[in-house]
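Q: coordinates for the following, if possible.
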Amino acid sequence: RMETDYNPMELPNNTGFEDDSDYRDFEGTDVKDMRLEAEAVVNDVLFAVSNMFVSKTLPCAEDVAYINVETRERNRYCLELTEAGLRVVAYDFDQTDDRLQTPYHETVYSLLDSLSPAYREVFGNAILQRLEALKKESQS
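A: Numbering: from 1, shown residues only. Purely as a prediction, here's the structure:
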């Protein structure tokens, strides 16, 4: 049985659409490699960290990908990305430590917010700049 990948905000859990391949094809929500999801995560927040990239060493699959991130404080982490969310699995690039029991975060924003005050500042400033730009646009 193949799993679908859809935003839980779009559909309630009890629709039964998971098994309806016509619906999957129609929505374009066929099974996708977690690597694509990981690349999107990296592209979203790269501007607010020192370095971030999908691991080429650790195996990516349909249900898991690993992302290396170095915060602006120069701390290194290896993150695991699954349907459950993101979590730290090691305190260095391309590593996993089974003894680490770190919590899952629904978004990369909340995970980085918890790890890096500098990320929080840079991200917050980017949002403020965007809001200022929108304000100027609406006034012209």
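
Q: helix/strand/coil for residue 37?
A: helix (DSSP: H, G, I helix; E, B strand; the rest coil).

Q: pretty sure it is touching residue 65, no?
A: Yes. The criterion here is CB atoms under 8 Å, and residue 37 meets it with residue 65 at 6.6 Å. For glycine as for every other residue, the C-beta is placed from the backbone atoms N, C-alpha and C.

Q: so for those two, which sits in the more crowded spot?
A: Applying other CB atoms under 10 Å to residue 37 and residue 65 shows that residue 65 carries more neighbours, namely 24 against 18.

Q: does the more buried one touch residue 54 like I think?
A: Yes. When contacts are counted by CB under 8 Å, residue 65 is listed as touching residue 54 (6.2 Å).

Q: for those two, list the residues in contact with both.
A: By the contact definition CB atoms under 8 Å, 6 or more residues apart in numbering, residue 65 and residue 54 are jointly contacted by 35, 38.

Q: quick check: buried residues in the longest helix along the chain?
A: Counting by DSSP state H, the longest helix found in the chain is helix 117-139. For helix 117-139, burial by neighbour count (16 or more other CB atoms under 10 Å) applies to 118, 119, 122, 123.

Q: with just CA atoms, put that helix into CSV.
A: Only the C-alpha atoms of helix 117-139 are listed here, as CSV (Å, rounded to 0.1, in the frame of the first residue of the first chain):
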residue,chain,number,x,y,z
PRO,A,117,18.9,33.2,18.7
ALA,A,118,20.8,34.7,15.7
TYR,A,119,18.4,32.8,13.4
ARG,A,120,15.4,34.3,15.2
GLU,A,121,16.9,37.8,14.9
VAL,A,122,17.7,37.5,11.1
PHE,A,123,14.4,35.9,10.3
GLY,A,124,12.5,38.5,12.3
ASN,A,125,14.3,41.3,10.6
ALA,A,126,13.6,39.7,7.2
ILE,A,127,9.9,39.7,8.1
LEU,A,128,10.0,43.3,9.2
GLN,A,129,11.7,44.4,6.0
ARG,A,130,9.0,42.5,3.9
LEU,A,131,6.3,44.2,5.9
GLU,A,132,7.9,47.6,5.4
ALA,A,133,8.1,47.0,1.6
LEU,A,134,4.4,45.9,1.5
LYS,A,135,3.5,49.1,3.5
LYS,A,136,5.3,51.3,1.0
GLU,A,137,3.7,49.5,-2.0
SER,A,138,0.2,50.0,-0.6
GLN,A,139,0.9,53.7,0.0
